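Q: Provided below for reference: sequence and predicted model.
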Amino acid sequence: MHIMKAIRIKLWQDLVNYKKPTSFQLKETYPLPPYSTVIGMVHTMCGFTSYHPMEISIQGKYFSKVNDLYTRYEFKNGMTYDDKRHQLKVGDYGVGRGIATAELLVDVELLLHVIPEDQDLVETIAEAFQTPVEYPSLGRREDIATIEEVKVVSVEKITAEEDLKLDQNYGAYVPISLIENEEVYFRPHAQSNVGRNDMLGTRYLLTDTYELINRGTAKAPKMFRNWLKKDVFYTTSIIISEEDKFFVDEDEKLVFLDIK
Amino acid sequence: MNHYLAKSKPEETIQEHTDNLLRNYDLLQKYYPEIPVNWHFLKLACLIHDLGKMNLYFQEKVSGGKRNKKEIPHNYLSVAFVPYKKLKEEGYTKEEIQVLFQAIARHHERKIGFTEDEWSLEMKKLEQEWQGFTYDKLGEYRAYRSHFPAKYYQVTAQIFEGKTDQSMEIFIHYVLLKGLLNRIDFAASADIDVEKPNDFLETAMAEQMTAFRAKNPDADWKPLQKYMQAHQDENVIVVAETGMGKTEAGLLWLGNHKGFFTLPLRTAINAIYSRLIDSETGIIKESQTDRVGLLHSETYGQYLTHESDFDMDIEDYYTKTRQMSLPITVCTLDQLFDFVFRYAGFEPKLATLSYSKVIIDEVQMYSPDLLAYLIVGLSYIQKVGGKFTILTATLPGIIPDLLAENDVIFTRAEEDFISDRIRHSIEVVHEPINSKFIQEFYEDNRILIICNTVRVAKELYKELVDMYDAAEVHLLHSQFIKRDRSAKEDAILADGHKDSKRPCIWVATQVVEASLDIDFDILFTELSDLNGLFQRMGRCYRNRKLDVATNVYVFDEECSGVEPRGFIDKQIHENSKMMLQSCHGPVSESEKLTMINQVYSTEALKGSHYYEEVTGMIQYVKSFDTYELDKNEVRKRFRNINSVAAIPKPIHAENKEEIAGHIEIIKTKGIERKAKMKARTMLSAYMLDVPGYIYEKGSAEFIKINDYEKVIIFDCDYDEGIGLTPKDKEKENLFF
């Protein structure tokens, strides 16, 4: 197994929403940003205009979760402006305005590993985070991220000499293949009576990358994003057993990768 | 060398205690080498299980000091000495090694009330003690480590049943290993042998036959008995009429194996037990206390009544019985089958059943919930390798169907063992049960009247007492205090003896349906259900040929105790009634079985309340995860008895001094257990089980025994003839 270079980024955010698709009345949040959100941030930070393949590992913690109001704008195809309604006038069109609720994570700390397939990009990406061209955000555009550390680290699959754990209170997205291959173990709660020792977490299908596909005709193309999803467990209670092999960076931080 | 104690009073070092375990391990392996447990692991578990007691907090406590709040239960510390590296070298998989770790870590079921950091710290501290600890028997398996790879052991992990075949297999390994470690450990602590061998039963049965032949050269085992002997290695379901020698048949099937004989009623169990150990005619004439035990909620009391027959202290005998060390145990279903809920600590029972054979008698007597436990229980017993037989007088068709549905594999005997002799002739009377009708038949006859409810039994009794003398009319039901009830049982046995000539009338409820060996001339009964009816008929012309025109009168109108007010399933009652309409005159045994088959087949019962209850209960039991419930919770659910043991107020008033005396003995510290148990038995003679719905409507006073126990004095009327009468006549509504 060769050694890979990764950019390890530690972020801090105060109130943030990583929106679950299809949640509208209450804008729900994932516990950590999904892959597509992180990939998008990296590409924006670097000014990439096309996709550069990369592996991402996401872990972190948050202190609590609150609900807060936000202004919601409602668009409808061809809705004409009606001054009797509670609308904003945009030319001849009307845009609805009202309130809705968003779930917000409080005091989020994230540890991201970014491994570009083209390892020559490592320096470029590190540079983009060390000297950002504009304010970095993750989640909604207003969810500003404070960059606490950027470090280029080497990532390698090693045999653990002691059990390895996540940092205190951390959770992580663990690709399902790692669980199926028993590369990670769960740590059951002491008084747990669920009747099993594994699969202790929440399973998500997270958006990763997308392909554009044309559902129209060649003359009048209608482009759709066809999302590729990643099957993961979000869990706070995992452990890598001594004797087992696992990807870690040079500071013994766990890296969750869905590669052989 | 340091001196580490495992126990105080009497003092015993860890090494001495472990030596005791090893001695019992050898016994178990000698008697039952076929148990599919990993014997190598079981020995290691014996060696290691108490090494965690080296920790200083435990040593302080055991040497007379106080319990330190920081003490971590020793079972969670003993794992420090599991030689997992060595076992890995020996080729064991991580799943197998997990089983050993967990069996040791959980040989006591204690809640984890400490953090992982606290645990790690204590594990590290053990190293110091380990240096000074020597025990030659550990040999090459001497090992210590303060922490382990998560793949082999995590303190919060447990081994569960799981959903796959592989996980079930591992779980069974765990149950056997932990269960047998527990058995061995308990036996070593109680200073008894973990098992007594069954090396006598086949010889004893042969001797029995020799004795028969001495009297009658043509004597031989009956066809049923031969059949059972020939099918020793199979799980068989056999229908056999009463009088076909079921007990002996069961024992012939058992052979020289460990066995449990389960029956529904304590009285029947007591009777079989007494028969087995009878020094004249019994099958087990000698060293009974090493060979056969009796297990139900009143074991100790029963042993006290037999005390003079035993050559050993009943205290030890009781311990051996409770720990299931005896080769043959006669017991109630609830003593064995509560493991179906798989509560923390259920393992010794199932592990024991893995090398035992279970004989189940009178299966038709079980209520829907017990039937459900039986079915789920048998499926587990089969999974761990135990064997069973159902030997029964009637077999409701629903039972084999439900067993098959729950993946229990069994052989249904090709033929039923019934005689072609006719004992009963029925007449169905389309009236409610009444004394006028019965009056006509009381001449020289011994009459038995069985009602569905206590209420109707009492009414009928009062009417009959008005007609005749109270000396000739008697009443028996469940609402008598134990003292009176056993006196009445003795009386009915005397009156009901087949040679008794004294005319008499006994009014009773279903308490006489089974187990009492009585033989009356005429039976009058309310219709409950067909099964109950045939059981009741067994109390009349029990073992004689029909010699009168009619000996059974069944009243099928306005029967008491039927749903929705009572306990008798409406649909079954209706079906039974339908079936009886075509029934008139003599009925043979095989006709009875055919009728039972029709009324209790799965098709006939589907949709009935009864069927829903059984299948619902099976689902309910299975729906619990392993270790979801704790033992006390299970006890509550399992018994599901809605009654309260209490002393009626008038009885208390009459016997105030005796009762106070018994309570005083139970209360006093330092009196030996035997004396206390005697006092308890005497005390319980004044008690009866008051049904919940009566108890709730009445009032009671309490005499405190200790913080957990009190004696209840229930305010009601009581009469030796009628039994309990609640204070509020209006609300009386009695079913049993």
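A: Arrived safely, thanks for sending.
Q: so what's A:Pro31 up against?
A: Shown in contact with A:Pro31 (CB atoms under 8 Å, 6 or more residues apart in numbering or on different chains): A:18, A:62, A:105, A:171, A:202, A:234. Yep, even glycine has a C-beta here, placed from its N, CA and C like the rest.
Q: from those, which is closest to B:Gly721?
A: For the contacts of A:Pro31, the residue nearest B:Gly721 by CB to CB is A:Thr202; the value is 68.7 Å.
Q: Check whether the residue in chain B positioned nearest to chain A sits in a helix, strand or coil.
A: Distances between chain B and chain A by CB to the nearest CB are smallest at B:Asp625, namely 3.2 Å. Put simply, B:Asp625 is coil when judged by DSSP: H, G, I helix; E, B strand; the rest coil.
Q: Give the closest residue to it in space, chain neighbours not counted.
A: A:Gly195 (3.2 Å; CB to CB, 6 or more residues apart in numbering or on different chains).
Q: pretty sure the one you found is in a strand, no?
A: No - counting by three-state DSSP, A:Gly195 is located in no strand; its state is coil.
Q: didn't it look like it was pressed against B:Glu161?
A: Yes - here A:Gly195 reaches B:Glu161: they are 7.1 Å apart, a contact under CB atoms under 8 Å.
Q: hmm, the worst-scoring helix or strand of chain B on mean pLDDT in reach of chain A?
A: Counting by mean pLDDT, DSSP states H and E, the weakest-scoring helix or strand in chain B turns out to be helix B:631-639, with a mean of 78. No - applying CB under 8 Å from any CB of the partner chain, one finds helix B:631-639 separated from chain A by no less than 11.7 Å.
Q: Name the residues of that helix that come out as buried.
A: B:634, B:637-638 (16 or more other CB atoms under 10 Å in any protein chain shown).
Q: Near chain B, which residues of the stretch 51-200 of chain A are found?
A: A:162-163, A:182, A:185, A:187-197.
Q: Among those, name the buried ones.
A: For these, buried by 16+ other CB under 10 Å: A:163, A:185, A:187-188, A:192-193, A:195-197.
Q: Dump the residues you listed to TSV, plus pLDDT and distance to B:Glu709.
A: Shown next, in TSV, are these (pLDDT from 0 to 100; distance: CB to CB, whole Å):
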residue	pLDDT	distance to B:Glu709
A:Asp163	95	48
A:Tyr185	95	46
A:Arg187	92	42
A:Pro188	90	37
A:Ser192	73	34
A:Asn193	73	30
A:Gly195	83	35
A:Arg196	86	39
A:Asn197	88	40
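Q: from those, which single one is nearest B:Gly585?
A: A:Gly195 (58.1 Å).
Q: Need the residues touching each of A:Gly195 and B:Glu161.
A: B:625-626.
Q: Secondary structure added to the contacts of A:Pro31, as a markdown table?
A: Shown next, in a markdown table, are those (three-state DSSP):
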| residue | secondary structure |
| --- | --- |
| A:Tyr18 | coil |
| A:Tyr62 | coil |
| A:Leu105 | strand |
| A:Gly171 | strand |
| A:Thr202 | strand |
| A:Tyr234 | strand |
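Q: pretty sure B:Met209 is in a strand, no?
A: No - counting by three-state DSSP, B:Met209 is not part of a strand but helix.
Q: pretty sure it contacts B:Asp218?
A: No - look at B:Met209 against B:Asp218 with CB under 8 Å: they stay out of range, at 11.8 Å.
Q: So, low pLDDT: which residues of chain A?
A: A:1, A:260 (pLDDT under 70).
Q: Can you list the helices and strands that the longest helix seen in chain B packs against?
A: For chain B, the helix that runs over the most residues, judged by DSSP state H, is helix B:165-190. Applying 3 or more CB pairs under 8 Å, 6 or more residues apart in numbering or on different chains; DSSP states H and E, we find helix B:165-190 packed against helix B:14-31, helix B:39-48, helix B:94-105, helix B:347-353, helix B:368-384.
Q: Now tell me what touches the helix or strand containing A:His43 from outside.
A: Counting by DSSP states H and E, the element that carries A:His43 is helix A:35-46. With contact meaning CB under 8 Å, 6+ apart, helix A:35-46 is reached by A:18, A:48, A:51-52, A:54, A:56, A:58, A:112, A:114, A:121, A:124-125, A:128-129, A:132-133, A:136-139, A:145, A:173, A:206-210, A:227, A:230.
Q: try it again with 7 Å
A: A:18, A:54, A:56, A:58, A:112, A:114, A:124-125, A:128-129, A:132, A:136, A:138-139, A:206-209, A:230 (CB atoms under 7 Å, 6 or more residues apart in numbering or on different chains).
Q: which ones among those residues are found in strands?
A: A:54, A:56, A:58, A:112, A:114, A:206-209, A:230 (DSSP state E).
Q: what residue of chain A is the furthest out?
A: A:Lys84 (42.0 Å; CA atoms, centre = their mean).
Q: separation between that residue and A:Gly91?
A: 18 Å (CB to CB, to the nearest Å).
Q: B:Pro726 now?
A: From B:Pro726 over to A:Gly91 (counting by CB to CB), the distance is 87 Å.
Q: same deal with A:Lys165?
A: 57 Å.
Q: what's the span of stretch B:154-172, first residue to last?
A: 20 Å (CA to CA, to the nearest Å).
Q: Over to stretch B:283-301?
A: So stretch B:283-301: terminal residues 23 Å apart, CA to CA.
Q: Now that stretch: buried residues?
A: Result for stretch B:283-301 [16+ other CB under 10 Å]: buried residues B:283-285, B:288-296, B:298-301.
Q: between these, which is closest to B:Arg213?
A: B:Ile283 (15.6 Å).
Q: Could you double-check that that closest one lies in contact with B:Ala206?
A: No - applying CB atoms under 7 Å as the test, B:Ile283 and B:Ala206 come out as separate, 10.7 Å apart.
Q: State the distance from the residue of the stretch 151-260 of chain A found nearest chain B to B:Gln166.
A: Residue of the stretch 151-260 of chain A nearest chain B, by CB to the nearest CB: A:Gly195 (3.2 Å). Going from A:Gly195 to B:Gln166 by CB to CB gives 16 Å.
Q: Need the nearest residue in space to B:Gly661, chain neighbours excluded.
A: Nearest one to B:Gly661, counting by CB to CB, 6+ apart, is B:Ala679 at 7.9 Å.
Q: Close to chain A: what parts of the stretch 501-650 of chain B are there?
A: The interface of the stretch 501-650 of chain B toward chain A, taken as CB under 7 Å from any CB of the partner chain, is made up of B:625-628.
Q: And the strands in chain A?
A: According to DSSP E, the strands that chain A contains are A:4-16, A:26-27, A:54-61, A:64-74, A:87-90, A:93-116, A:146-159, A:164-165, A:171-175, A:185-186, A:202-214, A:223-235, A:238-240, A:245-249.
Q: now for the longest one, which elements pack on it?
A: Pointing back at strand A:93-116 there. Applying 3 or more CB pairs under 7 Å, 6 or more residues apart in numbering or on different chains; DSSP states H and E, one finds that strand A:93-116 makes contact with strand A:4-16, strand A:26-27, strand A:54-61, strand A:64-74, strand A:87-90, helix A:122-130.
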